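A.B. asks: structure, please.
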Amino acid sequence: AQNGDFHKGSPFWFLLDAFSIAYKREKSRKTLESQKRRCYNSLARAAGPLEKIRLRKKGGAYMFGNGWGALPLITGGQSRAINGENPRGEKGRGGMAASGLGPSRKGSPCLGEIKPGETAVLGEMEGPGVIEHIWITVTDKTSEADCFVLRDLIFRIYWDGEERPSVEVPLGDFFCCGFGQGCLVNSLPIVVNPNRGFNCYFPMPFQKRAKITVESQHKNPVPAFFYQIDYCLRELPENAGYFHAQWRRQRLTEKGKDYVVLDNVHGRGQYIGTYLALTTLERYWWGEGEMKFYIDGDRDYPTICGTGTEDYFGGAWSFTRQEGGKSVEQTYCTPFLGYPFYSHHDTLIHNDYHNDDVPPMRGFYRWHIPDPIHFEQDLRVELQQIGVCHRGLFERQDDVATVAYWYQDKPYTDFPPLPSKEERWPR
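C.D. replies: Numbering: from 1, shown residues only. Presented below is the predicted three-dimensional model:
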């Protein structure tokens with residue numbers, strides 16, 4: 001400019017003009033990307049903790065899964081449902097069976113019965129897709145002598161053609177109803193409504209195939225098994241993990257040795273929940289045992305160690321209130337933490353020649369949805385059995401059963417063999 005070379009039409013002017021246009025375009029692009037990121041983050045927060053939303057651009061949509069924040073966004077997919085009225089989830093073929101009222105009038109609402117030793121296939125789906133909701137209801141007993149149906153039915157899920165299940169849990173325990181009997185549960189991913197209306201909202205992605213079965217180890221035929229599996233066929237993010245759930249029980253824990261909730265898990269993933277069905281066998285307070293998470297090579301000591309059993313399930317000071325000099329148990333249900341069941345009575349049967357006293361039974365759930373436990377290599381979860389009384393802390397021996405829930409990058413893991421049905425029955 002000092003030499004008089006900077007004037008409109010000069011090479012310097014054209015260079016500056018080109019630079020100015022490029023700068024404005026880049027600034028506009030960065031502003032747009034920044035706006036997209038802010039919009040995405042707002043939607044991810046609004047979608048709620050159940051969703052693990054991943055950026056995946058497809059037709060202008062950046063969503064995976066459903067949630068409050070995702071509801072206004074047209075994300076695509078093919079909604080399907082499997083039940084007795086449409087056992088293969090076929091498009092345009094639901095409710096075709098006839099009843100006494102005529103064609104397509106509630107002709108096949110359920111499985112008529114599941115015979116002893118039979119494995120009923122509830123649904124088989126070709127992927128990719130996501131199971132979004134499972135609803136089941138079934139009786140809890142077939143006679144006074146055979147009253148543990150919910151522990152005799154084994155719920156299994158297989159992913160992508162695997163022969164080994166990734167979910168293997170007694171039906172009731174999967175839905176936070178241990179001890180062979182139903183109870184009301186009002187949490188975010190698991191809901192149990194009257195009467196034994198079992199609902200699961202954990203998203204369960206699968207790439208190629210999914211299969212859900214129920215095996216009956218019950219002595220008698222189990223009548224009228226109602227169910228529905230709601231799922232959506234859609235493309236999945238590459239980092240979508242496989243849902244897993246595993247049941248364990250130790251009828252008498254070893255004094256001074258921690259109960260194993262989960263081990264032998266290898267790969268990448270996140271631990272998302274625990275259901276505990278505890279039958280206390282000793283007197284005094286039982287809940288000083290701490291939950292331990294051994295993550296990625298931990299051996300002698302865990303990376304995460306809690307401060308007590310009632311603390312882990314979000315309660316405090318033994319969950320009780322005082323009435324007339326006695327401690328009264330207080331149950332509760334919240335979206336992520338709950339104590340839905342307490343009883344020391346057998347309400348399933350009546351006998352004129354004995355009372356209904358049983359060891360105290362307590363059911364708890366904890367969902368690590370806003371706070372998943374991440375692992376990159378391996379994971380082991382343990383629970384101590386420690387109590388306290390006027391003399392101080394002491395090692396306990398109780399009857400402990402649990403369900404561990406987690407996602408991982410592999411469609412299976414090695415499960416320990418299930419105990420026999422008699423060893424699964426409550427005390």
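
A.B. asks: before we move on, which element is residue 173 in?
C.D. replies: Using DSSP states H and E, residue 173 maps to helix 171-174.

A.B. asks: average pLDDT across that helix?
C.D. replies: Helix 171-174 comes out with an average pLDDT of 98.

A.B. asks: now swap in stretch 124-144 and tell me
C.D. replies: Averaging pLDDT along stretch 124-144 yields 97.

A.B. asks: that stretch spans what distance, first to last residue?
C.D. replies: 35 Å (CA to CA, to the nearest Å).

A.B. asks: from residue 151, how far out is the residue nearest to residue 344 when sequence neighbours are not counted?
C.D. replies: Leaving aside its chain neighbours, residue 344 sits nearest to residue 360 (4.5 Å; criterion: CB to CB, 6 or more residues apart in numbering). Quick note: C-beta positions are derived from backbone N, CA and C, even for glycine. Residue 360 sits 18 Å away from residue 151, taking CB to CB, to the nearest Å as the criterion.

A.B. asks: go on, residue 347?
C.D. replies: For residue 347 relative to residue 151 (CB to CB), the value is 15 Å.

A.B. asks: any stretches of the chain with poor pLDDT?
C.D. replies: The chain contains residues with pLDDT under 70 at 1-67.

A.B. asks: okay, residue 360 and residue 151: which has more neighbours?
C.D. replies: More crowded of residue 360 and residue 151, by other CB atoms under 10 Å: residue 151, with 29 against 16.

A.B. asks: quick check: that one is in a helix.
C.D. replies: Yes - the assignment for residue 151 (DSSP: H, G, I helix; E, B strand; the rest coil) places it in a helix.

A.B. asks: for residue 92, phi and psi?
C.D. replies: When read as degrees, to the nearest 10, the backbone of residue 92 gives phi 70, psi 20.

A.B. asks: quick revisit: contact partners of the helix holding residue 173?
C.D. replies: When contacts are defined by CB atoms under 8 Å, 6 or more residues apart in numbering, helix 171-174 is touched by residues 136, 138, 140, 150-151, 153-155, 167, 178-182, 198, 200, 214, 245, 247, 275, 277, 401, 403.

A.B. asks: got the buried residues for stretch 308-326?
C.D. replies: Using 16 or more other CB atoms under 10 Å as the test for burial, stretch 308-326 gives 308-310, 312-313, 315, 319.

A.B. asks: check stretch 221-236 too.
C.D. replies: Result for stretch 221-236 [16+ other CB under 10 Å]: buried residues 222, 225-234, 236.

A.B. asks: inside strands: which ones of these?
C.D. replies: Under the assignment DSSP state E, these contribute 222, 225-233 to strands.

A.B. asks: filter the contacts of helix 171-174 down to the buried ones.
C.D. replies: For the contacts of helix 171-174, a neighbour count by 16+ other CB under 10 Å gives the buried set as 136, 138, 140, 150-151, 153-155, 167, 178-182, 198, 200, 214, 245, 247, 275, 277, 401, 403.

A.B. asks: okay, and the beta partners of residue 295?
C.D. replies: residue 379 (DSSP bridges).

A.B. asks: now it: how far from residue 262?
C.D. replies: 12 Å.

A.B. asks: what do the two both touch?
C.D. replies: Taking CB under 8 Å, 6+ apart as the contact rule, residue 295 and residue 262 both touch residue 379.
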